[in-house]
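> fold the following, please.
(2 chains)
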Amino acid sequence: MQLDSKIPEGPLAEKWEKHKFNVKLVNPANKRKYDVIVVGTGLAGGAAAASLAELGYNVKAFTYHDSPRRAHSIAAQGGINAAKNYQNDGDSVFRLFYDTIKGGDYRAREANVYRLAQVSVNIIDQCVAQGVPFAREYGGLLANRSFGGAQVSRTFYARGQTGQQLLLGAYSALSRQIAYGKVKMYTRSEMLDVVVIDGQARGIVTRNLITGEIETHAAHAVVLATGGYGNVFYLSTNAKYCNVTAAWRAHKKGAYFANPCFTQIHPTCIPVSGDYQSKLTLMSESLRNDGRVWVPKTVEMAERVRQGQIKPQDIPEDDRDYFLERKYPAFGNLVPRDVASRNAKMMCDEGRGVGSTGLAVYLDFSDIIKRTGAEAVSQKYGNLFAMYEKITDEDPYKQPMRIYPAVHYTMGGLWVDYNLQTTVPGLYATGECNFSDHGANRLGASALMQGLADGYFVIPYTIGDYLAQTPPKPVDTNHPAFAESKAYVQARAEQLLSINGSRTPDDFHKALGHIMWEYCGMARTAEGLKKAKGMIQQLRKEFWQDVKVVGSGEEMNQALEKAGRVADFLELGELMVDDAYNRNESCGGHFREEYQTPEGEALRDDENYAYVAAWEYQGDNQPEKLNKEALTFENVKLTQRSYK
Amino acid sequence: MAGSNPNAKPMNLTLKVWRQPNRQAQGKIVEYQVKDISPDMSFLEMLDVLNEDLLHAGQDPVAFDHDCREGICGSCDLFINGRSHGPEKGTTTCQLHMRKFSDGDTITIEPWRANAFPVNKDLSVDRSAFDRIIQAGGYVSVNTGGAPDGNEIPVPKEIADRAFEAATCIGCGACVAACKNASAMLFVSAKVSQLALLPQGQVERKTRVENMVAQMDKEGFGACTNIGSCAAECPVGISLENIAILNREFLAAKAASNNLA
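Numbers count the residues shown, from 1 in each chain, chains lettered A, B, ... in the order given. Predicted structure coming up:
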């Protein structure tokens, strides 16, 4: 299939405006004749479900959580970007667009990113009107901060809990529509298949996680807002339930999966403490505004710290290497995430890492505490410092934090066109589960922006264009395609329950995570990826012979849920490795050791790889087919990113 | 097991866990032993160890709610040794670490106990009553797209900060579990206060508090008798002051109701 991104004609700044005029509208009286399914109720899904219901569509919303308020959007700490230029510091829609394209290492679509920057300003207005308690100046106006590699202050925030407050805003809008009866909310329901009839998405199959009942739901269009797949690494900053299942089942039903190897490693996470570790905790990137990153200058000194012979706060200034400030004088500690992460790894690889494992660097607040006092620091970062102390039993006011990179976000995802429609007509993907806006690396405070942009301001327009061309005839779950999907879902659950092997789903998940982190993590090589592919295939085989799940499918069964998700991760993992192997360049979060500049920076190959890799499913255990969408840049000049 | 503190000694513990197959079934406390628990583990990681052991032994793992494990999603909800989220102040279950316990301890783990929170299975409860209270009025009625510029609604910093404090409620239900009346007043008051404080919430101020309180009563939560255990056990420090605000808002609304029916 020829990929058509459906980018509107015309100058960049006019594309969205023109497109909004050109899309077909559904008559207000007809909207109530259309049913839309929204899967996932985080920022993208919650915003989409509420906004579509406000327009008059009948929405069915699904979440595997007990409440829409629990989606992992809630954990975003730092903030949300918007090109408001309230600070008069030179920000603009074009600058936010430019920063995002450049930050993404020129692997995102210009038109999508520009639209994102345009609607960013509306998001703030919307959230303020909902009563989201953003940080304020004493004059009562909205406060901003500079964040994650930006040279302007465009980040809006609510202390260290911005994601929580934005999600509660979307949740409140959604709750209002539930009360009106315009949204029917299905909690503790996990989507396990997309139903496609005559090439169009017409419904989903879900499992009720309390009763185990397999249900079918029909609609005229399906919107996925099911988040990212970072948990393929087992350890990540994602919540425990985050998984790829919904997106993966859509992929197997014909939706292409784009750039799966583009994963983001976040530089500031609390390091792993033991084998039992179940997840990693992020320390907000905003800490890099005031914290200074360093390691001991010499391997000997680092060894003494690791042995506990000297405390970090007692290491003299001259024996410290503030490596980000040294290597990148212009951006210092605020270089983009991939650059900061890779440098931390380099320091540890050199033997200068700290902590008992040697897999950590310091993030030091002593300077800012000296300059402004502990009270002022607590005002800004109190909750983060408290969280750090709870987990590590160390007081960051007295000794530097230990941090290490961890998987945090996935830029890859379901391929979508400008309308956020996947390659399956009627099936849309929004938020982190699509691939569209962040290229090979996402900037800090841009995930919240994209989720809400898609949900509040893009999908309500673009889905109308599709529905206006779809007859409002009700879709019937008695169609054989529903029975077929349901049978597939049931058979799979029965298979998982019948194996009765010796290893738990978590055990397989951890094994997969080790492979992914080792060979498809922060640095990748062709040789390592080849090896990983074989290992994953072998592990997947073992899984289907030896996984152990007890109980039945007709009850709440968390091991069964987990097994199904791990099974999908075992397939996705191989595709990620294929994608990383195919991309013979380094860009953003994808770092192939063979392709680097003499200074160790990512070396892109724009001539051969300025494309989106969109993978097409070809059947179980068959190699996937690569489709390419060429990326053209008319408004920015491709340069080697430099943060020196 | 290696931890960040090389001197920490692993612990052996006795767990007394509430097991209940489903909502209708009778539940009971079942005793388990867990061994070699690192003090650096979180409480939920300790339960992961138990569940892996159970699964290996072909037994049904203990169902419990959890997700972010960062103390923000509000999913985790364990009643540990008779206290919501266990012994550490201002801490969700997922952020409670085993260093707060000692080798040889017996730990009792129960679900939230309240009529309005029926048990799904084992330690997992149904808190959808909270959602229905929010649906009754915990929002500002503003459609997407109709908002004025953000800075056209200035909010004094002191007010914004207080609204934020109230808005940090994670909806975990610890307040209900801690209350001898199983009252949801702290939860409801946090949302009512947030929106009553902010200019955006003024238009629906009276109907909101009336409708949310009515829904709270309908869900079967108990009355508030000003004991304050809710605020004492709240993992995110929602202040008891909010309940005072709620009472005031409720009286004022009733005195000059916009509910014309």
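
> ok, the residue nearest the centre of chain A to A:Ala13 distance?
With distances taken as CA atoms, centre = their mean, the residue of chain A nearest its centroid is A:Tyr409 (3.7 Å). The gap separating A:Tyr409 from A:Ala13 is 28 Å, by CB to CB, to the nearest Å. Where C-beta positions appear, they are placed from N, C-alpha and C, glycine not excepted.

> related to what we said a few turns ago, element containing the residue nearest to the centre of chain A, please.
Assigned by DSSP states H and E, A:Tyr409 belongs to strand A:401-410.

> now for that strand, which elements pack on it?
Judged by 3 or more CB pairs under 8 Å, 6 or more residues apart in numbering or on different chains; DSSP states H and E, the packing partners of strand A:401-410 are strand A:263-269, helix A:337-349, strand A:361-364.

> make a markdown table out of these and add mean pLDDT.
Shown next, in a markdown table, are the helices and strands packed on strand A:401-410 (pLDDT from 0 to 100):
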| stretch | mean pLDDT |
| --- | --- |
| strand A:263-269 | 94 |
| helix A:337-349 | 90 |
| strand A:361-364 | 97 |
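
> between the ones you listed, which one is closest to chain B.
Nearest of those to chain B, taken as CB to the nearest CB: strand A:263-269 at 10.9 Å.

> tell me the angle of that closest one relative to helix A:337-349?
Strand A:263-269 runs at 60 degrees relative to helix A:337-349, counting by axes from the mean of the first three to the mean of the last three CA atoms, to 10 degrees.

> tell me the buried residues in strand A:263-269?
Residues A:263-269 are the ones in strand A:263-269 that count as buried (16 or more other CB atoms under 10 Å in any protein chain shown).

> ok, residue 259 - how many residues close by?
Since you didn't name a chain, this refers to chain A. 31 (other CB atoms under 10 Å in any protein chain shown).

> oops, chain B please
11.

> and what about it, helix, strand or coil?
Look at B:Asn259: counting by DSSP: H, G, I helix; E, B strand; the rest coil, its state is coil.

> quick one, helices of chain B?
Counting by DSSP state H, chain B has helices at residues B:43-56, B:128-135, B:157-167, B:174-178, B:185-197, B:205-218, B:229-233, B:241-255.

> who touches the first one?
Residues outside helix B:43-56 that contact it (CB atoms under 8 Å, 6 or more residues apart in numbering or on different chains) are A:276-278, A:502, A:504, A:506-507, A:548-550, A:559, B:13, B:15, B:17, B:32, B:34, B:37, B:41, B:60-62, B:64, B:66, B:69, B:76, B:78, B:80, B:86, B:93-94, B:96-98, B:109.

> for residue 69, give me its contacts.
No chain specified, so I'll use chain A. A:Arg69 makes contact with A:167-168, A:171, B:74, B:131, B:171, according to CB under 8 Å, 6+ apart.

> actually it's chain B I care about, not the one you picked
For B:Arg69, the contacting residues are A:239-240, A:278-279, A:281, B:42, B:44, B:76, B:94, by CB under 8 Å, 6+ apart.

> closest to B:Lys9 out of these?
Using CB to CB, B:Ser42 comes nearest to B:Lys9 of the contacts of B:Arg69, at 17.6 Å.

> my guess is that closest one contacts B:Arg99. True?
No. Assessed by CB atoms under 8 Å, B:Ser42 is found out of contact with B:Arg99, at 10.1 Å.

> so between the two, which is more surrounded?
The neighbour comparison of B:Ser42 against B:Arg99 (other CB under 10 Å) goes to B:Ser42, with 26 against 16.

> which pLDDT value does the model give the more buried one?
pLDDT for B:Ser42: 96.

> skip the chain neighbours and tell me the closest residue to it.
Take B:Ser42 and drop its neighbours on the chain: the residue closest to it by CB to CB, 6 or more residues apart in numbering or on different chains is B:His97, 5.5 Å away.

> one more: B:Arg19?
In this structure, B:Arg19 finds its nearest non-sequential neighbour in B:Val30, 4.7 Å apart by CB to CB, 6+ apart.

> so what's the one you found up against?
Applying CB under 8 Å, 6+ apart to B:Val30 gives the contacts B:16-19.

> circling back to that earlier point, ok, the residue lying closest to the residue nearest to the centre of chain A once chain neighbours are set aside to A:Gly230 distance?
Once flanking residues are discounted, A:Tyr409 sits nearest to A:Gln264: 4.1 Å by CB to CB, 6+ apart. Between A:Gln264 and A:Gly230 the computed distance is 8 Å (CB to CB).

> what of B:Lys9?
According to CB to CB, B:Lys9 and A:Gly230 sit 34 Å apart.

> higher neighbour count, these two?
Higher neighbour count among B:Lys9 and A:Gly230: A:Gly230, with 27 against 10, using other CB under 10 Å.

> which bits of the stretch 401-550 of chain A sit near chain B?
Proximity of the stretch 401-550 of chain A to chain B, by CB under 8 Å from any CB of the partner chain, involves residues A:456-457, A:460, A:502, A:504, A:506-507, A:548-550.

> buried among those? Make that a PyMOL selection.
Restricted to buried positions by 16+ other CB under 10 Å, the PyMOL selection for those reads:
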select buried, chain A and resi 456+457+460+504+506+507+548+549+550
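
> residues near residue 41, how many?
With no chain named, the answer covers chain A. 34.

> not what I meant, chain B
25.

> go ahead and confirm it touches B:His97.
Yes. Applying CB under 8 Å, one finds B:Met41 in contact with B:His97, separated by 6.8 Å.

> looking at chain B, which residue is nearest chain A?
For chain B, CB to the nearest CB, closest residue to chain A: B:Pro154, 3.1 Å.

> need the three-state assignment for the residue nearest to that residue when sequence neighbours are not counted.
Using CB to CB, 6+ apart and skipping the chain neighbours, the partner closest in space to B:Pro154 is A:Gly140 (3.1 Å). The three-state label given to A:Gly140 by three-state DSSP is coil.

> show the contacting residues for A:Gly140.
B:154-157, B:160.

> go again with 6 Å.
B:154-156 (CB atoms under 6 Å, 6 or more residues apart in numbering or on different chains).

> out of those, who's nearest A:Ala255?
Set against A:Ala255, the nearest of the contacts of A:Gly140 by CB to CB is B:Val155 (42.9 Å).

> quick check: the gap between the closest one and B:Gln194.
Relative to B:Gln194, and taking CB to CB, B:Val155 is found at 12 Å.

> comparing those two, which residue is more hemmed in?
Using other CB under 10 Å, the more surrounded residue of B:Val155 and B:Gln194 is B:Gln194, with 27 against 21.

> please list all residues in contact with that one.
Counting by CB under 6 Å, 6+ apart, B:Gln194 makes contact with B:163, B:166-167.

> closest one of these to A:His220?
Using CB to CB, B:Ala167 comes nearest to A:His220 of the contacts of B:Gln194, at 36.0 Å.

> pretty sure that closest one contacts A:Gly131?
No. Using CB atoms under 6 Å, B:Ala167 makes no contact with A:Gly131, being 8.1 Å away.

> kindly indicate whether A:Tyr456 is helix, strand or coil.
Looking at A:Tyr456 with three-state DSSP, the answer is helix.

> show me the shaky parts of the stretch 101-250 of chain A.
Counting by pLDDT under 70, the stretch 101-250 of chain A has low-confidence residues at A:149.

> same question, chain B
In chain B (pLDDT under 70), the answer is B:1-7, B:260-261.

> tell me, what residue is most central in it?
B:Cys172 (1.9 Å).

> break chain B into its domains for me.
Annotated domains of chain B cover B:11-121, B:128-255 [automatic domain parsing].

> for A:Gly274, give me the pLDDT.
pLDDT, A:Gly274: 86.

> that older thread, got a markdown table for the helices of chain B, with distance to A:Asn635 too?
Shown next, in a markdown table, are these (distance: least, CB to CB, whole Å):
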| stretch | distance to A:Asn635 |
| --- | --- |
| helix B:43-56 | 48 |
| helix B:128-135 | 43 |
| helix B:157-167 | 38 |
| helix B:174-178 | 51 |
| helix B:185-197 | 42 |
| helix B:205-218 | 46 |
| helix B:229-233 | 54 |
| helix B:241-255 | 50 |
